[in-house]
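Engineer: The sequence isn't on hand, but the structure is:
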């Protein structure tokens, strides 16, 4: 699963630490999600999408091998 | 994220305190001729003999310390930490049973096997868990 959190963060002009604080996780977790090394739970993915004010599938996308 | 059955963050320091404290107590006990009941069968009968108390003050203190260190919450206990915790626990169980089964086949010293069984899963869990978190922090710092 890939995501465009980095792009959405840039649009909203917030840091990883800001996003982490808003969804209640550590900055390291946001970092690993952004670099596709960790797949978040549905709850966390929904929280992240809500911060950006977008539907889930605009932030997270399935890849062919998923 | 709700994290059930974990000790508060400060318990980590209490745990390390117990682990460190067990060292001078062990040395003091050995200097006074005490032996761990796992090293030899106790001379007295029943619990709370001198050697049993020595065992409680040393080995059990260390295990309790390691237990607190292993299962104290992180500063931010999120779902990724929970995932790493479970994964490390799985590896600790694998390693423990591998050592246990190998020992059962090749070694007859049951006392030392029990002692090994007390420490191996906790120590392996702590080392693996901290190592993964260290790598995570390092990669986050680099970006």
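Structural biologist: On my side now, so go ahead. Computed from a predicted structure; not experimentally measured.
Engineer: can you give me the helices in chain A?
Structural biologist: Counting by DSSP state H, one finds helices in chain A at the ranges A:5-12, A:16-23, A:27-34, A:42-52, A:56-59.
Engineer: same for the shortest one, what does it pack against?
Structural biologist: By that I understand helix A:56-59. When contacts are defined as 3 or more C-beta pairs under 8 Å, 6 or more residues apart in numbering or on different chains; DSSP states H and E, helix A:56-59 packs onto helix A:42-52. In short, each C-beta sits where N, CA and C put it, glycine included.
Engineer: For residue B:62, give its distance to residue B:54.
Structural biologist: Distance of residue B:62 to residue B:54, given as C-beta to C-beta, to the nearest Å: 13 Å.
Engineer: Then residue B:18?
Structural biologist: Relative to residue B:54, and taking C-beta to C-beta, residue B:18 is found at 16 Å.
Engineer: just residue A:61 next, same as before
Structural biologist: Using C-beta to C-beta, residue A:61 is found at 62 Å from residue B:54.
Engineer: Distance from the lowest-mean-pLDDT helix or strand in chain B to the middle of the chain?
Structural biologist: Within chain B, no helix or strand scores below helix B:50-55, which has a mean of 75 by mean pLDDT, DSSP states H and E. Between the centre of helix B:50-55 and the centre of its chain there are 19 Å (C-alpha atoms, centre = their mean, to the nearest Å).
Engineer: what element comes up after that helix heading to the C-terminus?
Structural biologist: helix B:61-70 (DSSP states H and E).
Engineer: Rounded mean pLDDT for that following helix, please.
Structural biologist: Mean per-residue pLDDT for helix B:61-70: 93.
Engineer: neighbouring contacts of it?
Structural biologist: The contact list for helix B:61-70 (C-beta atoms under 8 Å, 6 or more residues apart in numbering or on different chains) reads B:7, B:11-12, B:14-22, B:25, B:118-119, B:122-123, B:125-126, B:129.
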